[in-house]
Structure formats: structure tokens, C-alpha cells
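Chemist: I'll drop the sequence and a predicted model, then ask my questions.
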Amino acid sequence: MNKSAIHSSLQKGFIMEIDLISLVKTKGFEHFADKFGTESQCHELLFQLRWPDGFRCPSCGCAKHCTLKTRPLYQCNHCHRQQSLISGTIFQGTKLPLKDWFKAAYFLAHQKKLSALSLMHELKVSYDTARRVKRKLIKQHQLTTEKAKTAHRVNHLPIITTPL
Ligand SMILES: [Zn+2]
């Protein structure tokens with residue numbers, strides 16, 4: 001990676017790749033609904049993934065924050081920067097509740113060939129929304145699977161040691 005590439009990736013800021021399809025693959029729907037059935041459960045999971053050691057302001061590093069009731073926003077008590085829970089993730093810019101994304105991922109995890117039309121009925125959303133959600137979830141899942149395969153191949157390459 002050259003220096004300008006590093007710069008541009010820094011400029012883009014925080015990116016978190018979440019393979020939701022693999023993440024929500026539980027045994028049965030009841031089990032899934034127990035874990036991710038409510039919006040706050042989905043928020044909680046995303047928070048844990050994003051800030052495993054607790055919230056940190058990306059500007060000043062302050063841990064003290066408050067949450068905004070109306071949107072999933074966290075505001076730093078020190079510099080007042082607002083940080084969205086979903087920025088830099090596949091959910092960025094979405095109006096769809098997180099629990100619907102999770103539900104879509106669950107269905108896709110169990111029925112790989114699920115059509116956008118069926119998803120539309122399951123989520124009670126427009127066809128466009130269903131298609132967009134499906135595309136994003138599948139794309140991230142494929143990317144992650146591909147990366148895992150590559151890592152696996154690299155890890156299993158025969159190690160050739162050359163004597164000094
Ligand atoms: Zn701050």
C-alpha cells in the first residue's frame with residue numbers, strides 16, 4: 001500500500017465490516033428472536049462490536065458521553081462530537097430498523113436463494129428496500145467468506161526455510 005492509499009483510507013474514517021449473515025446464524029428462529037428480536041438488542045450487539053472496551057470519542061478519546069433518545073447517536077461530553085452507531089457499517093444511512101436488517105440476515109443465512117420478493121413480504125418493506133438490504137448483506141457475506149478463504153490458504157502454505 002502506498003502512502004496516498006493510506007491517507008485516503010484514513011480520510012474515509014471508520015469502517016467496520018460486519019458479516020451479519022454469519023453473525024445471526026443461530027439454530028432456530030425462536031433462538032434468534034430471543035437474542036436479536038428487539039431494536040435495543042440489535043443496538044447492544046452493534047455497540048459491543050464497535051466499542052468492545054466502551055465508548056471512545058473518535059476526536060478527543062473521551063469516554064464520557066450521552067445518548068440521544070431519538071436516533072442511535074452518541075455525543076461526547078467533552079467536545080460534543082456526535083457519533084452514529086451505524087456510520088461506517090453496512091447500515092449507514094439506513095432508515096430501516098436494525099432488527100429488520102437482522103431478520104433479513106437470519107432469513108438469508110438459512111435460505112441462500114431467498115428472493116427479494118419473499119424478503120419484501122417477510123419484512124413488510126418496499127421491493128426496492130428488500131433488494132437493497134439483500135444485496136448489501138450478501139455482498140458483505142461473500143467478501144468476508146472470500147477473505148477467510150484467502151487467510152486459510154495463506155496459513156496453510158508449506159513453510160520453506162532456507163538455511164542461512
Ligand atoms: Zn470528544
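Modeler: Right, received. Where do you want to start? Residues are numbered from 1 along each chain as shown.

Chemist: now the strands for this structure?
Modeler: 65-68, 73-76, 82-84 (DSSP state E).

Chemist: tabulate those strands (JSON lines), appending mean neighbour count, distance to the ion and mean pLDDT.
Modeler: In this view, the C-beta of every residue, glycine as well, is placed from N, C-alpha and C. Shown next, in JSON lines, are the strands of the chain (neighbours: other C-beta atoms under 10 Å; distance: least, C-beta to the ion, whole Å; pLDDT from 0 to 100):
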{"stretch": "strand 65-68", "mean neighbour count": "14", "distance to the ion": "8", "mean pLDDT": "89"}
{"stretch": "strand 73-76", "mean neighbour count": "18", "distance to the ion": "3", "mean pLDDT": "92"}
{"stretch": "strand 82-84", "mean neighbour count": "16", "distance to the ion": "9", "mean pLDDT": "90"}
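
Chemist: ok, which of the ones you listed comes nearest residue 30?
Modeler: Residue 30 sits nearest to strand 65-68 of all the strands of the chain, at 29.9 Å, using C-beta to C-beta.

Chemist: picking that back up, in CSV: the strands of the chain, plus distance to residue 149.
Modeler: Formatted as CSV, the strands of the chain follow (distance: least, C-beta to C-beta, whole Å):
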stretch, distance to residue 149
strand 65-68, 38
strand 73-76, 35
strand 82-84, 32
